[in-house]
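Colleague: coordinates for the following, if possible.
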Amino acid sequence: MLISTRGRYALRFLVYLAENQGREGYITANELAESQEVSRKYAERLMASLSRNDFVKTLHGKNGGYRLGRRPEDYKVSDVMRAMNEELVPVECLKCEPNTCPRAENCRTLPMWQKLGKVINDFFDGVTIADLMK
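Modeller: Numbering: from 1, shown residues only. Sure, this is the predicted structure:
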């Protein structure tokens, strides 16, 4: 399992928004991009995706930008990762439920991969944006 830049930056943007949620107004795309040292265009693409998935509120126009849509403790890292199309599975055959691998019934290693998948998902389910702010 390898978490993409897209997933990592989505988390970083949400943490930044959470750390600045007490400020008046919205955080601009320029500010987000500068804070994480990425291009404005990349920040806007990720924020559009986060907005479509109801993680952030967006305001267009002169004073526009982004804000969190919920409290930081209400954002599970696993939900953000899945919204960014991250696959939180250790092996290919666990992507489908039920498992459609023709070898699944006789695979001696499948139980190990299933246990690892559960550990991964339980771990990310237990971490919130609030936790990442600490």
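Colleague: the strands in this protein, which residues?
Modeller: Under the criterion DSSP state E, strands of the chain are mapped to 56-59, 65-68.
Colleague: right, and the ones you listed - which one's nearest residue 80?
Modeller: In terms of Cβ to Cβ, the element of those nearest to residue 80 is strand 56-59, at 10.7 Å. Any C-beta I mention is one placed from the backbone N, CA and C, and that applies to glycine too.
Colleague: who touches that closest one?
Modeller: Outside of strand 56-59, the residues within contact range by Cβ atoms under 8 Å, 6 or more residues apart in numbering are 14, 17, 26, 47, 50-51, 64-69.
Colleague: farthest-separated two in the residues you listed?
Modeller: Top of the distance list for these (Cβ to Cβ): 14 and 64, 18.0 Å.
Colleague: more crowded one of those two?
Modeller: More crowded of residue 14 and residue 64, by other Cβ atoms under 10 Å: residue 14, with 25 against 13.
Colleague: how about the contacts made by the most centrally placed residue in the chain?
Modeller: Centroid-nearest residue in the chain, with Cα atoms, centre = their mean: residue 80, separated by 2.6 Å. By Cβ under 8 Å, 6+ apart, the contact list for residue 80 reads 7, 10-11, 14, 50, 55, 129.
Colleague: which among the residues you listed end up buried?
Modeller: By neighbour count, with 16 or more other Cβ atoms under 10 Å, these hold 7, 10-11, 14, 50, 55, 129 as buried.
Colleague: now the residues you listed as a markdown table including distance to residue 73 and pLDDT?
Modeller: A markdown table is the format used below for the buried ones among the contacts of residue 80 (distance: Cβ to Cβ, whole Å; pLDDT from 0 to 100):
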| residue | distance to residue 73 | pLDDT |
| --- | --- | --- |
| 7 | 20 | 94 |
| 10 | 17 | 96 |
| 11 | 15 | 97 |
| 14 | 12 | 97 |
| 50 | 17 | 96 |
| 55 | 14 | 95 |
| 129 | 7 | 97 |
